[in-house]
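>>> Need coordinates for the below:
(chains A and B)
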Protein chains: 2
Amino acid sequence: MSIETLQAEVNRLRLQLETLQAKNASEPIEIGNYLLARLAQLKVTKMFGVPGDFNLSFLDLVEDHPTVDWVGNCNELNSAYAADGYARVKEDSIGVVLTTFGVGELSAINGVAGAFSEIVPVLHVVGVPSTEQQSSKALLHHTLGDGRYDAYIKAAENFTISQGIITDKDTAAAHIDRVLADCMTRARPVYLTLPTNLVYEKISSERLKIPLSRAQPPNDPEVEAFVLDEVEKLVQGAEDSVIFLVDACAIRHDARQEVIELVKKTGFPVYVAPMGKTVVPENYERYGGIYMGSVSHPDVKEKVESAKLILSIGSIKSDFNTGNFTYSIPTARTVEFHSDHTKVQHGVFPAVGMKQILPRLTARLGPAARKLEVPAFRAILPTENSDTITHAWLWPRLSKFFQPKDVVVGETGTSNFGLLEVPFPEGAVFVSQLLWGSIGWAVGSTLGAAFAAREIGMNRTMLFIGDGSLQLTVQELSVMLRHGLRPIVFVLNNAGYTIERCIRGPNRKYNDISNWNWTGLLSVLGDAELAVSQSHTVHTKAELSALLDTPSFGDTSKMQLVEVMMQMHDAPRALMFQTEMGAKSNPYNDAI
Amino acid sequence: MSIETLQAEVNRLRLQLETLQAKNASEPIEIGNYLLARLAQLKVTKMFGVPGDFNLSFLDLVEDHPTVDWVGNCNELNSAYAADGYARVKEDSIGVVLTTFGVGELSAINGVAGAFSEIVPVLHVVGVPSTEQQSSKALLHHTLGDGRYDAYIKAAENFTISQGIITDKDTAAAHIDRVLADCMTRARPVYLTLPTNLVYEKISSERLKIPLSRAQPPNDPEVEAFVLDEVEKLVQGAEDSVIFLVDACAIRHDARQEVIELVKKTGFPVYVAPMGKTVVPENYERYGGIYMGSVSHPDVKEKVESAKLILSIGSIKSDFNTGNFTYSIPTARTVEFHSDHTKVQHGVFPAVGMKQILPRLTARLGPAARKLEVPAFRAILPTENSDTITHAWLWPRLSKFFQPKDVVVGETGTSNFGLLEVPFPEGAVFVSQLLWGSIGWAVGSTLGAAFAAREIGMNRTMLFIGDGSLQLTVQELSVMLRHGLRPIVFVLNNAGYTIERCIRGPNRKYNDISNWNWTGLLSVLGDAELAVSQSHTVHTKAELSALLDTPSFGDTSKMQLVEVMMQMHDAPRALMFQTEMGAKSNPYNDAI
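Residues are numbered from 1 along each chain as shown, chains lettered A, B, ... in the order given. Below you'll find the model as predicted:
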C-alpha cells in the first residue's frame, strides 16, 4: 500500500474517532467558518452562487474569509455550471456553489445533475431556514406552502451521491467532513444544508488538524496481484499489438499522471475517447487521436479495432462518446481499468481501482517493440473555393491559433464536434460536457474554468459556442467582465440550433432563434466604455484569419468576443455522421 | 347540485367507461395530436419551451397545429415562468411548458415548483427517449450515466401533483386526461412524459368528444347545509360587524365571480391579503385595501381586527402574506372558505368547497346595514424636497399611470411591496409571486402574461423589476420583441439586491451587481434598428413624470424599457417594516 493511501486511511480512522470522542481542546470555530476552513484546505479559492435571505449570514463569513472568494453569479444555474468548470480545470480541488433554500437550489439542480453525470466533484451548499422553522413547518416564502421541508432534499438525493443535512452543532463537523470526503474520493456532487441559526454556532476546531484525503480506499492486494498477472499475460500474448484507449474517468479520478507514465513507459499507441480528449498530450509521438467507433477517422478505426489487446482506462460508454454505440472491440480483447474495479476480458474484479494498479502495471511492463504504427493526428486546412467560413475549414484553422496550456471550452453542439477533429498543443485542456449535454453549460463553465486557469498558471481560456446556446446563459459574460477575466469567446452565428437541425427539422421554425447584435453585447453587460473588451464580426476566412493573427487579439490584454458568421446547415463531419446514425438507429424520425 | 357540477360528474364517469371500453369507432389520432387536441379544448393557445432532441418530433406537430402556437424561449427556466404567467392571467385555461429529457426538465423545475407553491395550473410535458431505450437503460446523453431513468420522475414527484408516465399507446390517452383533469381541478402543476417512439402512434380519438371539466367535485349536501346554517347564525350574531378578507385561492380555484357577487350583495367591507390583491376590484366602494397583520396601514389593521366576524376566502397564511405571521384575528371570530374545505371557528368541515358554497351563502344573506366604515385606499403623492425618485413617491405616481384592465407584474423585491401600497383601477390585474419568491420569475411571467393579456382583451402589460432580478432572466425580453409583444418594463436601478440589503448586509459586496447599460439592452436583444422598442433612463421625479405623461410611451405602439435610477437603500414602507420584524423574529441576524 502506498504511503499516501496509508496516510489517508489513518486520517479517516482519526476522524471517526474524533466524531465519537468530540474533543473540545482546540479554539472553537463557527460552523460556517469550519466549512470554509475545510474548503481552504481543499484549495478552494472561489465560491460561486447567488445570495438569498437564507444564506446571507454565511455570506458574511465568506466575504470576510482571507482565501475563499465569493463570486456572485447572475443566476443559480450559471453558478452551478461555473463550479463544475472550476472543478474540471483545477483537478486537485472541488467546485463549490452556494444557493438559497428552494428557489435557488432548484434553479441550480440541472448544473449539479450535470456534474453527477460527468463525474465532477461539486459541493452544493444551501442556506436553509432555522432548525426551529423547519421543525415547526413554518409557512415561509420559498416553501411549497404545504410544510414539506424535505422536498428539496428528496430532489437532491437523485443528483448527489451524499447529503449532509445539518440539524445540530454536535454533528455538523462530521456531516461536513463526510460529504467533502465523498465528493473528493468519488468525484461526484454532494449536498449540504446550512440552517440560518447554526452558521455562527461554535464547535471544536480539533478535527481541522486532520486533513481530508482524496486518496481512494486501498485495492485488495490479493485480487490486485492476480489482476496484474492476468494483464501481464495478456500483454505478452498480444505480442506488442496492444493499444491504450483513454477516457475521461482517468482525469476525474485523479489518475492522469499514472496513465501518462504507463503510456510512455510501454510505448504502446494511445487513443482517446471524445470525453478523454487531452488526458494524454496530443503532441505525444505515439498518440493517434480520437476513437469513436464508426464515427472515427478510418485510419484510427482500423488501428484500434485491429489491435490484439485494448487497455481501456476510465471509459464512459455513452452514445456520443462511442459514435452512437458503434465500438467494434470484442470484450475478449479488452482490459478495462476503472476507478473502483477492473475488468479483464469478461471477468470483473471489484475493489481494484486504476489509481493504484496502474503504477504497478507500469513497474511490470517493459518498453514495447513499437511494432504498431500510429496515424498522425493533424489538422489539415482544406482547399475550398468559397471564402465562406465552413466547419471543415474553421477547426483546422483554429488549431493553429491554439497555444500550449490553453483551456478550451466547447459547447454541446457543433463546437464540441468540431474541436474533436483537431489536435491541441502540449498541456492544452479540452473542457466539454458530451454526456450530459446541457446547452448553455459552456458559458458558466468558462467562467469557472477561467478562474481556475488563472490560478494554476494555464494560458488563455477560450469558449466556442453557438448563438442558440449562448442565449440560454448569456448574462454570465457580465461576471467575467466584472472579475477581470479575459476569455476569448467565439460565437458561431448560424441562425439557431444547428445541432438540432442535423437531428430533425432542418428548416423548422422551432430551430430558429432571434438574431442578436452580438458585437454590442459586452458594452451592455458592464463594459460600457469598452475598456476591458473588444468585439468583432467575421464573415470570411480572410477576416477570421487576419483577426487570429492580430497579436492584441490573442494576448488576453482584453476579453474578446468574435461573432463568426456561418451557414445554417453546415456542421462538423463527426456531428453529421453521428446524427445520421442516430436517426437510423432510433425512432426520432419516424414520421418524416 | 349545479348543472355544471353534474355535467362534470357525468363526463368524468364517461371517461372512466371510455378507459375501460377503449372504443375505436372514431378516426384514429396520433398521441401527440391527441394531447394537442385536449390542450386546444382547454383554450391553450401558447406552448412555451425549448427544443431538444427528445421533443423535436412532437414539436413538428405543435408547429403544424392550427391553434396551439409554439413560443420558443431562450431557456427552460424562463419557459416555465412564462407558462406560469400565462396561466395566472388566462384564468380559465392552463399554462404549458415543453422541455427535453433531463437537462431541459431540470432547468425548468424551479419554475414548476413555483407554480406548485403558488397554486397555478401548469402542464410540464417532457420529451423522453423511446420506451425501448428506457427499458434497456441505454447510456444516452442527458442521462446520469448510471441507467437511472426514473431519477427525473422522482424529482418531479416533489413538485407536481400528478404524473403521467406514458409507456404504451393503450393507456396514453387516459394518462393525458388524468393529469390534465388534476391540473385544472386542483390548480397545480402536473408532469407528462412523451417518449419519442409513441408521439406518432395512432389511438382512438373517441375520448376527445367528452370534454374535460374544471368543475370541483360536488360538496356533501348535508355538511354544506349545516355549514350554511352555522355561518348564517354567526353573521346574524355579529350584527353587521362583518368583513371579508379575500386571498389568492379565490382566483386560483376559479371563484372570483362567486366572491364578487357575495361581497356586493352583502355590502360588508372587503379587504384582501397581499397575494389576493385585485381579486376584488380596487375601486369598489366597500373595498378597504390590503391587510397584512402588523405591516398593514394602521387604519386597515384596526378595522379588520376589530370586526366581530371575519369571512376569510381562499387564504394562504405565508410569512410575506401575513406581515410575518402577525395576524391578530382570533379563530373564534373567523370563518375560512377554502377550495376543498370550510373552517367555521375551530371546526373543520371537509368536502365543502368555496366555489359551490359561496353562491348559496349569497342567496341566504341579505344586504347589511353598512354600519362599518371602510378606510379609503388611495395613493397619495408625498411632498418631498428632493427630486430624487423615492419609493414613497414612485408607487403613488405610477398608480396614476395605471389604466383599467392593465396587467401589472411585480417582481419579488421592492417592486412587489411598492405595488401593494397603491390601488389599481377597475379590472387591472396584479401578478406576483409572494410565496415562492424566486427572483427573476417576473420576466418570464411577463412574457406569458402578455400573451394571455393580448388574447383575452386586457389592456397593457407592465413589468416592475429591480436590476438585480432582471439579470437572472434578462434574455426573455428578446422573446417579447420577437413575438411582437409590447410590454412596458420598469427597471429599478438601485445597484444590486436591495431587498436583501434590507434583510442583511446593507453595504456588503455580495449584494452588489454589475451595472449594465440598460438602455442599450433591447437593441442588442433583437431590435437593432429600434423599430419596435424604445428605452429611457430617468433620474428625477420630473423626468419620470414627463415620460409617463408622454402619450406614445403608454400607448403600446412600441415595447418600452425605462431605467429608473433610485437610491441603493431606499425601499417601500411595507418591505422595511416586514424585514425589521423578520430580523427580530428569526435568527438571520444572530451575529450582527
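>>> Please identify the residues of the stretch 401-550 of chain A in proximity to chain B?
For the stretch 401-550 of chain A, the residues found near chain B under the criterion Cβ under 8 Å from any Cβ of the partner chain are A:434-440, A:471-475, A:478-479, A:481-482, A:497, A:500, A:503-505, A:508-518, A:520-521, A:523-526, A:528. No exception for glycine: its C-beta is placed from N, CA and C like everyone else's.
>>> among these, which are in helices?
Among these, the members falling in helices are A:Q471, A:L472, A:T473, A:S478, A:V479, A:L481, A:R482, A:E500, A:I503, A:L521, A:S523, A:V524 (criterion: DSSP state H).
>>> okay, those in TSV with neighbour count next?
Converted to TSV, those look like this (neighbours: other Cβ atoms under 10 Å in any protein chain shown):
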residue	neighbour count
A:Q471	24
A:L472	27
A:T473	31
A:S478	24
A:V479	25
A:L481	20
A:R482	19
A:E500	24
A:I503	24
A:L521	24
A:S523	19
A:V524	22
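>>> Between all of the residues you listed, which two are separated the most?
When Cβ to Cβ is used, the two most widely separated members of these are A:R482 and A:I503, lying 36.5 Å apart.
>>> Break chain A down into its domains, please.
If you go by automatic domain parsing, the domain ranges for chain A are A:3-209, A:221-364, A:391-572.
>>> Turn those domains into CSV, including mean pLDDT and distance to B:G49.
Below are those laid out as CSV (pLDDT from 0 to 100; distance: least, Cβ to Cβ, whole Å):
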stretch, mean pLDDT, distance to B:G49
domain A:3-209, 95, 15
domain A:221-364, 96, 23
domain A:391-572, 97, 9
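>>> what's the closest of these to B:H142?
Evaluated with Cβ to Cβ, the domains of chain A place domain A:391-572 nearest to B:H142, the distance being 5.8 Å.
>>> What is the neighbour count of the closest residue to A:K43 other than its chain neighbours?
Using Cβ to Cβ, 6 or more residues apart in numbering or on different chains and skipping residues adjacent in sequence, the residue nearest A:K43 is A:S93, 4.2 Å away. Neighbour count of A:S93, defined by other Cβ atoms under 10 Å in any protein chain shown: 21.
>>> need the contact list for A:S93.
If a contact means Cβ atoms under 8 Å, 6 or more residues apart in numbering or on different chains, then A:S93 has A:L42, A:K43, A:V44, A:Y86, A:A87, A:A452 as its contacts.
>>> any idea how far the second one lies from A:D92?
This means A:K43. Relative to A:D92, A:K43 is positioned 6 Å away (criterion: Cβ to Cβ, to the nearest Å).
>>> swap in the first one?
According to Cβ to Cβ, A:L42 and A:D92 sit 9 Å apart.
>>> which of the contacts of A:S93 are buried?
Using 16 or more other Cβ atoms under 10 Å in any protein chain shown as the burial test, these include A:L42, A:V44, A:Y86, A:A87, A:A452 as buried.
>>> Break down the stretch 201-350 of chain A into its helices, ranges please.
Here the stretch 201-350 of chain A has its helices, by DSSP state H, counting those that start in this stretch, at A:221-237, A:249-252, A:256-266, A:298-306.
>>> which of the ones you listed is buried the deepest?
Highest mean neighbour count of those: helix A:249-252, a mean of 24 (counted as mean count of other Cβ atoms under 10 Å in any protein chain shown).
>>> Convert that helix to PDB, retaining C-alpha atoms only.
Taking Å, rounded to 0.1, in the frame of the first residue of the first chain, the C-alpha atoms of helix A:249-252 are listed here in PDB:
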ATOM      1  CA  CYS A 249     -12.500   9.000 -15.800                       C
ATOM      2  CA  ALA A 250      -8.700   8.900 -15.800                       C
ATOM      3  CA  ILE A 251      -8.800  12.700 -15.100                       C
ATOM      4  CA  ARG A 252     -11.900  12.600 -12.900                       C
END
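>>> Reformat the ones in helices among the residues of the stretch 401-550 of chain A next to chain B as CSV; add distance to A:G323.
Conversion of these to CSV gives the following (distance: Cβ to Cβ, whole Å):
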residue, distance to A:G323
A:Q471, 29
A:L472, 27
A:T473, 28
A:S478, 38
A:V479, 36
A:L481, 39
A:R482, 41
A:E500, 19
A:I503, 16
A:L521, 36
A:S523, 42
A:V524, 41
